[in-house]
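Peer 1: kindly return the folded structure for what I paste below:
(one chain, ligands or ions: 1)
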Amino acid sequence: MFVAACPLVLASASPRRQELLRVLGLDFVCIPAEIDESAWPGEDAAGFATRMAREKAGAVARAQPAAACVIGADTVVAIDGRVLGKPQNHAEALAFLSLLNGRTHTVITGYNVRVGQRGLNLSGHVCSRVQFGNFPEEVLAAYAATPEPMDKAGAYAMQGAGCFLVRAVDGSSSNVIGLPVGELVQLLLQQQIIAPVGGSLCR
Ligand SMILES: Cc1cn([C@H]2C[C@H](O)[C@@H](COP(=O)(O)OP(=O)(O)OP(=O)(O)O)O2)c(=O)[nH]c1=O
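Peer 2: Below you'll find the model as predicted:
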């Protein structure tokens, strides 16, 4: 579907992000970033997710050729002024799910795209609103006890068994899963980092 003008590097270990990029037909390599993922005091969810995306891309870009385009992203769940990342254990997964149960929360994915050679360093974030159904504690506990919530922001996977929790999504669903594909593709096209197969690309 798309072809890249330069080597693409996804600064991520997330299989969801890899899959979302792969379905576009793009060739890329994945290099997970090792960074400190703790929030600064007073940092809001969008600021945190965008900073994390920048730090992931920045950490990986340092070891890449300047011509490469490095993409970083970070997804968090926000509710009641709290920022929920990945749960530490099954008990915390249940606590997160109980907080989200029967309510609407915001999923925010921050992203960062950089190409050292061009001095390009662009960041942004996308918000989606997710409405949960209302479930008895025993249902939430059964889901929290499975492996699925453990590596997901907010302790659920909309693309997995956790889809039963979601009554409605307002906004990008790929953004909920880890990468705002619409915004990202638009940015990469505008910057001539990718083009449609058969289209023109300044290499
Ligand atoms: C809400 C939600 C999150 N997620 C995932 C997307 C992200 O992979 C994860 C949030 O953790 P992140 O810290 O954003 O990403 P990661 O640790 O998986 O990967 P990396 O830092 O190497 O890029 O939650 C889903 O897969 N489905 C969902 O419905």
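Peer 1: which residues of the chain score low on pLDDT?
Peer 2: 201-203 (pLDDT under 70).
Peer 1: can you list the residues of it near the ligand?
Peer 2: Of all the residues in the chain, those in contact range of the ligand (Cβ under 6 Å from any ligand atom) are 12-14, 16-17, 32, 56, 73-75, 77, 86, 107, 151-154, 156-159, 176-178. Glycine gets a C-beta too; all of them are placed from N, C-alpha and C.
Peer 1: change it to 5 Å
Peer 2: For the chain, the residues in contact with the ligand (Cβ under 5 Å from any ligand atom) are 12-14, 16, 32, 74-75, 152-154, 157-158, 176-178.
Peer 1: show me which of those are buried.
Peer 2: Of the members of the residues of the chain next to the ligand, the ones counted as buried by neighbours, 16 or more other Cβ atoms under 10 Å, are 12, 14, 16, 74-75, 152-154, 157-158, 176-178.
Peer 1: re earlier: can you pick out the most distant pair from the residues of the chain next to the ligand?
Peer 2: 32 and 158 (22.3 Å; Cβ to Cβ).
Peer 1: excluding its backbone neighbours, what's nearest the spatially most central residue of the chain?
Peer 2: With the centre of the chain defined as its mean C-alpha position, the nearest residue by Cα atoms, centre = their mean is residue 178, 2.7 Å away. Counting by Cβ to Cβ, 6 or more residues apart in numbering, residue 16 is the residue found nearest to residue 178 once chain neighbours are left out, at 4.3 Å.
Peer 1: name the SS class of that neighbour, please.
Peer 2: With DSSP: H, G, I helix; E, B strand; the rest coil as the basis, the three-state label of residue 16 is helix.
Peer 1: report all helices and strands that the helix ranked longest in the chain contacts.
Peer 2: In the chain, with assignment by DSSP state H, the single longest helix is helix 45-61. Here helix 45-61 touches strand 69-79, strand 104-115, strand 120-132, going by 3 or more Cβ pairs under 8 Å, 6 or more residues apart in numbering; DSSP states H and E.
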